[in-house]
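# Using only what follows, build the 3D model:
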Amino acid sequence: MPRPSTLPDESSVPRPAVARIQNVSKRFTIRKDSSIKERIVTLGRAGRRHKQDFWALRDVSLDIHAGETIGLIGHNGSGKSTLLKVIGGIIEPTSGTVEERGRLAALLELGAGFHPDLTGRENVFLNASVLGLSREETEAQFDDIVAFAAIGDFIDTQVKFYSSGMYVRLAFAVAVHTDPDVLLVDEVLAVGDEAFQRKCMDRIRDFQHQGRTIILVSHSLDQVVDLCGRCVLLDKGKVLFDGKPATAVAQFRDILEQRRLDERTAVEMVEAQDEGAITRVTAAAVGPDRTPGTTLQPGNDLEIRVTIASEDLGAWSCRVQVDDPMGQKVLVTGTDWLDTPVTAIDGECEVLFTLKNPPFGGGKYFVNATLLDGRAREVHSIMQATSFNVAHDPRALGFLRVDVEGSARILE
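The predicted structure follows:
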């Protein structure tokens, strides 16, 4: 389907749309026969059984306005990169329309326009022309590109002799010097060393201050919350949420957690059938109503409930550990450390831990539950047995919530 080159005039709108995606769907055909011989054998009607349609996008509609920084998130295969490529004109949608205005630069695969047998200098001009710059424009930007890439005397060396870091730096330098109105970024901020990543982030923030439009795909959810003012959550090619990044990230983490729990439950059912009745932690939940994805508000207490099953368990203790989204230990406590009186278990027992007004910062946290015997030896444990969300504080970021006051005064 043809792609109109411009949008209608929207001078009366304070923030005009730089891209409109309307009812866009994208279908890929997956072949199950891998060799030429197999394809010849399966020609005709029989060949249909060796094909499968995969819809990467399903009826996606979005308006992207000038100056927005939008994050696209979702699990692998949800359609994020496909949508970015459709917006960039790299692939055509199966149905629907995409309208856009202004110069667009796509950082989808860094160095995709590089030729290994050409020098860095030659590839700068080649890649810049692919991204829409004339030779005169590239010459005017050339010194800045080389300085940003920081590859020094290697600019006249064939890029096949570059390290991966040098290759990435030069590719990024070319892309960000094309003076784009719309910048498409797909996971490229995760490459290179830390110094280069900071330089990339600084340039992205410069673009934001200049009012450029940025569409970002990233698996770094904290980065999305930090950079973006709007976030689109995709699942199986469909838009599940379009709004505040913190809300989108919380919903996405709930989806991931539910999928993980479903997979673990299936495994545990098989293990329980194989092992029979044994002493074990059977469940853990947060809150009295045990609602998945419970959100903790400032000032709330947090209740963690652990269920233990055993036919005959005398001396024992139970511990819980709270981890942040990166797997870092935030808190560990246990009945033995709290001098909680326990009795022998013949059946089921529920252990309750109440955390009084915990100062957790906004985000998702995971709870590990462990059962110990009378000698503090591990009997059974469930890693990431349950999870909970903490509401974000608009005044600060991080994994610690603190009442903060600010003041400013002129020094004489």
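# and the host helix or strand of residue 351, which residues are buried?
Element membership of residue 351, judged by DSSP states H and E, is strand 345-355. Using 16 or more other Cβ atoms under 10 Å as the test for burial, strand 345-355 gives 345, 349, 351, 353, 355. Backbone N, C-alpha and C define where each C-beta goes, glycine included.
# so what strands line up beside the next helix-or-strand element following that strand?
Counting by DSSP H and E, the element after strand 345-355 in chain order, helix or strand, is strand 363-373. Applying DSSP bridges, strand 363-373 is found paired with strand 316-323 (antiparallel), strand 378-390 (antiparallel).
# before we move on, the earlier item: including pLDDT, could the buried residues of strand 345-355 go into a markdown table?
A markdown table is the format used below for the buried residues of strand 345-355 (pLDDT from 0 to 100):
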| residue | pLDDT |
| --- | --- |
| 345 | 90 |
| 349 | 91 |
| 351 | 93 |
| 353 | 94 |
| 355 | 93 |
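# Dump those to TSV, plus distance to residue 375.
Converted to TSV, these look like this (distance: Cβ to Cβ, whole Å):
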residue	distance to residue 375
345	17
349	19
351	19
353	22
355	27
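# Closest one to residue 85 out of those residues, please.
The closest of those to residue 85 turns out to be residue 355 (Cβ to Cβ; 45.2 Å).
# Tell me which residues touch the closest residue to that closest one other than its chain neighbours, please.
Spatial nearest neighbour of residue 355, excluding adjacent residues (Cβ to Cβ, 6 or more residues apart in numbering): residue 302 at 4.2 Å. Shown in contact with residue 302 (Cβ atoms under 8 Å, 6 or more residues apart in numbering): 286-287, 296, 354-355, 358, 388.
# do that again at 7 Å, thanks
286, 296, 355, 358, 388 (Cβ atoms under 7 Å, 6 or more residues apart in numbering).
# likewise residue 176?
Neighbour list for residue 176: residue 203 [criterion: Cβ under 7 Å, 6+ apart].
# Next one: it relative to residue 214, how far apart?
11 Å (Cβ to Cβ, to the nearest Å).
# residues in contact with the strand holding residue 351?
Outside of strand 345-355, the residues within contact range by Cβ under 7 Å, 6+ apart are 301-313, 318, 320, 333, 335.
# Neighbouring strands of that strand in the sheet, and parallel or not?
strand 302-313 (antiparallel).
# May I have the strand it pairs with exported as CSV, CA atoms only?
In CSV, the C-alpha atoms belonging to strand 302-313 read as follows (Å, rounded to 0.1, in the frame of the first residue of the first chain):
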residue,chain,number,x,y,z
LEU,A,302,2.9,-4.8,53.3
GLU,A,303,1.7,-8.3,54.2
ILE,A,304,3.5,-11.3,52.9
ARG,A,305,1.8,-14.7,53.5
VAL,A,306,3.7,-17.9,53.0
THR,A,307,1.9,-21.3,53.0
ILE,A,308,3.8,-24.4,54.1
ALA,A,309,2.6,-28.0,53.8
SER,A,310,4.0,-31.0,55.7
GLU,A,311,2.8,-34.3,57.1
ASP,A,312,5.1,-34.1,60.1
LEU,A,313,7.4,-31.1,60.6
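# how far is that strand from where the chain is centred?
34 Å (Cα atoms, centre = their mean, to the nearest Å).
# give me the low-pLDDT residue ranges for the stretch 151-300 of the chain?
Scanning the stretch 151-300 of the chain for pLDDT under 70 picks out the ranges 188-192, 261, 264-278, 292-293.
# where along it do the strands fall?
Along the stretch 151-300 of the chain, counting by DSSP state E, counting those that start in this stretch, strands occupy 182-186, 213-217, 230-235, 238-243, 280-286, 295-296.
# Out of those, flag the one nearest residue 370.
With Cβ to Cβ as the yardstick, what comes closest out of those is strand 280-286 (7.2 Å).
# Which strands or helices does that closest one pack on?
If contacts are counted by 3 or more Cβ pairs under 7 Å, 6 or more residues apart in numbering; DSSP states H and E, strand 280-286 sits against strand 302-313, strand 363-373, strand 378-390.
# closest to residue 193 out of those?
Closest approach to residue 193 among the helices and strands packed on strand 280-286 (Cβ to Cβ): strand 363-373, 26.5 Å.
# highest average neighbour count across the strands paired with strand 363-373?
Of all the strands paired with strand 363-373, strand 316-323 carries the top mean neighbour count, a mean of 21, counting by mean count of other Cβ atoms under 10 Å.
# Quick check: what element follows it along the chain?
Counting by DSSP H and E, what follows strand 316-323 is strand 329-334.
# Now do that next one, average pLDDT.
Here strand 329-334 scores 93 as its mean pLDDT.
# Begin at 474, not 1, for the rest of this chat.
Noted, 474 is the first residue going forward, which turns the last one into strand 802-807.
# how about that strand: buried residues?
So, applying 16+ other Cβ under 10 Å, buried residues of strand 802-807: 804, 806-807.
# Determine the angle, from 0 to 180 degrees, between that strand and strand 818-828.
130 degrees (axes from the mean of the first three to the mean of the last three Cα atoms, to 10 degrees).
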